[in-house]
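# Predicted structure and sequence below. I'll ask about it afterward.
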Amino acid sequence: MPSTTGGNEIVELQQKLARVQGLLEASRRVHSTIRLDEVLAMTLEIAAKELEAEGAFFALTGGRLGTRGNHVHGCVPDDWTRWTDCVDMTGYVSAPLTGERGETIAHLVTYRPAALSFEEADFLEGLAHQAALAIGNAQHHERMIEWERVRADLDAARAIQRSLLPQSVPEVPGYSLALRSTTCYEVGGDYVDVIPLEDGRLMMVLADVAGKGLASAMISMTFRSSFRAMSGAGLSLHEIAGRLNTLHWQEGIEARRRYVTAILLCLDRQTHRVDMVNSGHNPAFLKGATGVRTIGASGPPLGMLPGRTYETETFTIAEGEQLLLYTDGLTEVFQGDEEFGEERLQGLLADKPNDHLLDHIWAVLARFSGNARQTDDMTALYLYRGGVQ
Amino acid sequence: MSFTISSRKRDGIEILTLAGRLVLGDGTGLLRTAVRKSLEEGNDLLLDLAGLGYMDSAGLGELVGSYASASSRMRQMKLMRPQDRIGTLLQITKLYATFEVFPDEASALAAFSEHEQL
């Protein structure tokens, strides 16, 4: 009879509406938290309760989900751990949870001896879909928190590294000295230092650890400690270089790949004598009245090969002469395929000393690269005789 | 430009032809794997650098690491035909003296057999 049919339709519609409302409510609840373990627990609780199941659990398809090993709710038979989507086990019904890239991350499985109706199975699928979205959001949130922690660590590392740079360039009567260092990432593998010795001489170092970023920064810190410990011990520069080479090489294979090119320098401002050791580093430029003299390496980079020896080169720095040490981050700035190179850098040394030379170099390099993002750490030390008396 | 390695053998010497940019990451990993495999097979190594346009500090470290691996296994590793840029890098870092570097394949192969005769 028409009235009864109409009544059935209304009942069916009301049931459908109730299920939709149930799913909406379930959805609201699983999305009400951003904590992964809570999302998982809530999903199981809803599945068991709404479907009147004895128990529910997640079967993972690989990897981990949340902080707990197993996620199970209610009572499930002992054989629940053997469940997979490939075997047919009585009483178990499942729906897959699909990840952002379409991969199945887990199955939401319920256990109930009585079979699920079509509508109930539909509810389970809808719940699994909502749970997958909420899990994705929670995992994203966890990654954000983890990233914030890494970020804070890097900021702390950067602060430490900045604090270990010479806080102020020492005044050297009769000389002018400038340092500049910019890293390409938060921390870098370049190292520049000036250490006044008790006898009035000045020890300086400019070094470049292979690679960049945190790993190189860690190596540069160990290098700094070793160098500082040796700088006041009365050793010659080539002895220091030899020992640094051995110490670094002994650190093992990973450290050897992060070898150090360096120039060690000692200035006696009374006699104007400069001792210098170049270990595998770009040549230093000494600009005098007759042109530029380059001071190349006497041995390979430090820590690369065992038992290497180095030689100290000694010269006198005359009035008005300029000395420029730099890392390859300055010469290897590119404009398309064209490299800035040593010659151009050398060309920036004018006949007369320039108190703003390093600012000038940095500006020229920025222009050359079209203000491109820095791709390597850049460090320079500039010293000339003259200036402040 | 990426990094590639191709290989051929001649008289127990594996000639690895390096091309592209040898930089930290895929390039250095590829070289390490190729060298390790060749040394495990008991080969001596000749690296042809004619197609190698650029090498960063990590690339140079890998090259020296390969040389050290070969030496520790009592195998020889030599280089040939570096481009100017790579040659300059080897000069700057004073590694030209560590590696044996040859201008062509014939002289490089001859040097391997001289070593055998010693």
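Sure, I can see it. This structure is a prediction, so every number in the text was calculated from the model and none was measured. Residues are numbered from 1 along each chain as shown, chains lettered A, B, ... in the order given.
# quick one, helices of the chain?
No chain was given, so I picked chain A. A:2-30, A:36-50, A:118-164, A:214-231, A:237-250, A:253-257, A:328-331, A:341-347, A:357-368 (DSSP state H).
# um, chain B though
For chain B, applying DSSP H gives helices covering B:26-40, B:57-72, B:84-92, B:105-117.
# and these as JSON lines, adding mean pLDDT?
Formatted as JSON lines, the helices of chain B follow (pLDDT from 0 to 100):
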{"stretch": "helix B:26-40", "mean pLDDT": "94"}
{"stretch": "helix B:57-72", "mean pLDDT": "93"}
{"stretch": "helix B:84-92", "mean pLDDT": "93"}
{"stretch": "helix B:105-117", "mean pLDDT": "84"}
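# Please tabulate these in TSV and include mean neighbour count as additional columns.
C-betas here are computed from N, CA, C, even on glycine. Below are those laid out as TSV (neighbours: other CB atoms under 10 Å in any protein chain shown):
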stretch	mean neighbour count
helix B:26-40	17
helix B:57-72	21
helix B:84-92	17
helix B:105-117	13
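# ok, longest strand in chain B?
strand B:44-55 (DSSP state E).
# The residue of the stretch 201-350 of chain A found nearest chain B: neighbour count?
Taking CB to the nearest CB as the measure, the point where the stretch 201-350 of chain A comes nearest chain B is residue A:210, at 3.7 Å. Using other CB atoms under 10 Å in any protein chain shown, residue A:210 has 26 neighbouring residues.
# One more: residue A:326?
Quick note: residue A:326 (other CB under 10 Å) scores 26 neighbours.
# ok, now which ones touch the closest residue to it other than its chain neighbours?
Leaving aside its chain neighbours, residue A:326 sits nearest to residue A:380 (4.4 Å; criterion: CB to CB, 6 or more residues apart in numbering or on different chains). Contact analysis of residue A:380 by CB atoms under 8 Å, 6 or more residues apart in numbering or on different chains lists A:179-181, A:192, A:206, A:324-327, A:330, A:358, A:361.
# Output those in TSV, with pLDDT and distance to residue A:113 appended to each entry.
Shown next, in TSV, are the contacts of residue A:380 (pLDDT from 0 to 100; distance: CB to CB, whole Å):
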residue	pLDDT	distance to residue A:113
A:179	95	78
A:180	95	76
A:181	93	72
A:192	95	75
A:206	97	77
A:324	98	84
A:325	98	81
A:326	98	78
A:327	96	73
A:330	96	76
A:358	97	80
A:361	97	80
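# Around chain A, pick out the residues from chain B.
Selection of chain B residues close to chain A by CB under 8 Å from any CB of the partner chain yields B:24, B:57-58, B:60-62, B:64-65, B:68, B:91-95, B:98.
# Can you get me a residue count around residue 12?
Looking at chain A here, since you left the chain open. 10.
# ah, no, chain B please
The local packing of residue B:12 (other CB under 10 Å) involves 11 other residues.
# Could I get the pLDDT score of it?
Looking at residue B:12, its pLDDT stands at 84.
# distance of it from residue B:106?
Look at residue B:12 and residue B:106: by CB to CB, to the nearest Å, they are 17 Å apart.
# Where does pLDDT dip in chain A?
Residues of chain A meeting the criterion pLDDT under 70: A:1-5, A:67-70, A:387-389.
# so what are the domain limits for it?
A:2-73+A:86-148, A:169-385 (automatic domain parsing).
# so of the ones you listed, which one's packed in deepest?
Among the domains of chain A, domain A:169-385 has the highest mean neighbour count (mean count of other CB atoms under 10 Å in any protein chain shown), at a mean of 19.
# Between the two ends of that one, how far is it?
15 Å (CA to CA, to the nearest Å).
# Tell me who's in contact with the closest residue to residue B:82 other than its chain neighbours.
Nearest non-adjacent residue to residue B:82, counting by CB to CB, 6+ apart: residue B:49, 4.3 Å away. Going by CB under 8 Å, 6+ apart, residue B:49 touches B:18, B:79-83, B:86.
# Filter the residues you listed down to the buried ones.
B:18, B:79-82, B:86 (16 or more other CB atoms under 10 Å in any protein chain shown).
# I'd like to know which of these are part of strands.
Going by DSSP E, the strands hold B:18, B:79-80 from the buried ones among the contacts of residue B:49.
# quick check, nearest of those to chain A?
Set against chain A, the nearest of these by CB to the nearest CB is residue B:79 (14.9 Å).
# And the residue most central in space within chain B, how close does it get to residue B:74?
In chain B, the centroid-proximal residue (CA atoms, centre = their mean) is residue B:47; its distance is 3.3 Å. Counting by CB to CB, the gap from residue B:47 to residue B:74 is 18 Å.
# Kindly report the same for residue A:193.
Residue A:193 is 41 Å from residue B:74, by CB to CB.
# same thing with residue A:33?
Taken as CB to CB, the span from residue A:33 to residue B:74 is 63 Å.
# Equivalent analysis for residue A:161, please.
42 Å.
# got it, and residue B:12?
13 Å.
# What of residue A:362?
49 Å.
# swap in residue A:163?
Distance, residue A:163 to residue B:74, using CB to CB: 48 Å.
# again with residue A:222
For residue A:222, the distance to residue B:74 (CB to CB) stands at 32 Å.
# likewise residue A:167?
51 Å.
# Skip the chain neighbours and tell me the closest residue to the closest residue to chain A within chain B.
Closest residue of chain B to chain A, CB to the nearest CB: residue B:57 (3.7 Å). Excluding the flanking residues, the one nearest residue B:57 by CB to CB, 6+ apart is residue A:210, at 3.7 Å.
# which residues does that neighbour contact?
A:189, A:216, A:257-261, A:301, B:57-58, B:60-61 are the contacts of residue A:210 under CB under 8 Å, 6+ apart.
# try residue A:286
By CB under 8 Å, 6+ apart, the contact list for residue A:286 reads A:292-295, A:315, A:317, A:321-323.
# Now with 10 Å, please.
A:274, A:276, A:292-295, A:315, A:317-318, A:321-324, A:349, A:383 (CB atoms under 10 Å, 6 or more residues apart in numbering or on different chains).
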